[in-house]
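# Task: produce atomic coordinates for the following.
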Amino acid sequence: MTIHNKKNTRLSQLCSALIGMTLTVAVVAQETGSSSTETVVDNNVSFSAVLALTSSPKTTTLHYGESAEQRIDIWAASGRDDVHAYMPGILLVHGGCWLAQYSVDHVKPLASALSQQGFNVFAIEYRRTGQPGGGWPGSLDDVRNAMKLVRETYPKMALTSVGHSAGGHLALLAATDASLQLAAVIGMAAITDVTAYSRGDNSCQQATVEFMGGTVDEKPDAYRLANVTDKRIVAPLYLLGGKADSIVPITQNTHRQARRFSGDDIGHFDWIHPQTQAYQHLLNTLAQLYD
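The predicted model follows:
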């Protein structure tokens, strides 16, 4: 089995698991506690709709630092009691404008849903703006260290990094590290140009200056390091964005290496709600990684 025409013998073990992937929402709805067995019709779901979802219990937790925030919540693939290395893994990095008030909790329904699709899901919590050690570059350091721990713990597992919004920004930057041996990187409404983003006027854009510890004029070198657009991503890159996104403009959905998807009616939180068309696009992208 190959990924993008590059031979990788350890991925041959994944064939049987991936062939059976259904990419339906019926199972997802069951696991998230929803009574619906079909994708929602309306796009542009609210954050409160995401928070209203339920999730299955996590399987275990890994810690990569002394802070309570430096942890990885894990859902084993297909409801198994433990993580099996022959099942593919997803390194899930949540968003929330890099701010302390938005934790990993809001992507637990997404993690649960992806685990039922046959993926081991590693939902990374990290220190954020407003917490000791959070902000730039501490948040990125945490995400990198978390990913390194997963790679060290499961050296033979095929790992794909998936990040949403500000988490997409951190996931893409972490993917410049070849030692992680990522199968692919997927940014959902990812912030790729923090310089341009910091000049916007919505609340998340305004939070960029706090995350970076100053404005572009005050911290030009830091912003250059934090911008994704000119960085080389060492794994196949997919950017998924929505033209109805009022938080991360579709203009952020760009990188010279990326295969891009831009949905006309997709909003910001659609990507992390397991009963939307955007979620189906995520599943389709994951399925296309293996040929």
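# Would you map the strands across the stretch 51-200 of the chain?
60-63, 71-75, 89-93, 120-124, 159-164, 182-188 (DSSP state E, counting those that start in this stretch).
# how about the ones you listed in JSON lines, adding mean neighbour count, distance to residue 241 and mean pLDDT?
C-beta coordinates here come from the backbone N, C-alpha and C atoms, glycine included. Output for those, formatted as JSON lines (neighbours: other Cβ atoms under 10 Å; distance: least, Cβ to Cβ, whole Å; pLDDT from 0 to 100):
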{"stretch": "strand 60-63", "mean neighbour count": "13", "distance to residue 241": "30", "mean pLDDT": "98"}
{"stretch": "strand 71-75", "mean neighbour count": "23", "distance to residue 241": "26", "mean pLDDT": "98"}
{"stretch": "strand 89-93", "mean neighbour count": "27", "distance to residue 241": "16", "mean pLDDT": "98"}
{"stretch": "strand 120-124", "mean neighbour count": "28", "distance to residue 241": "22", "mean pLDDT": "98"}
{"stretch": "strand 159-164", "mean neighbour count": "27", "distance to residue 241": "11", "mean pLDDT": "98"}
{"stretch": "strand 182-188", "mean neighbour count": "28", "distance to residue 241": "8", "mean pLDDT": "98"}
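# Quick one: residues contacting residue 63.
Residue 63 makes contact with 70-72, according to Cβ atoms under 8 Å, 6 or more residues apart in numbering.
# Based on its surroundings, how many neighbours for residue 206?
The number of residues packed near residue 206 is 14, by other Cβ atoms under 10 Å.
# Which residue ranges of this protein form helices?
Applying DSSP state H to the chain gives helices spanning 15-19, 26-32, 47-51, 108-116, 138-153, 166-174, 194-197, 203-212, 220-226, 277-288.
# which residue sits closest to residue 75 in space, ignoring its chain neighbours?
residue 115 (3.8 Å; Cβ to Cβ, 6 or more residues apart in numbering).
# doesn't residue 77 make contact with the one you found?
Yes - here residue 115 reaches residue 77: they are 5.8 Å apart, a contact under Cβ atoms under 8 Å.
# so what pLDDT did residue 43 get?
Looking at residue 43, its pLDDT reads 86.
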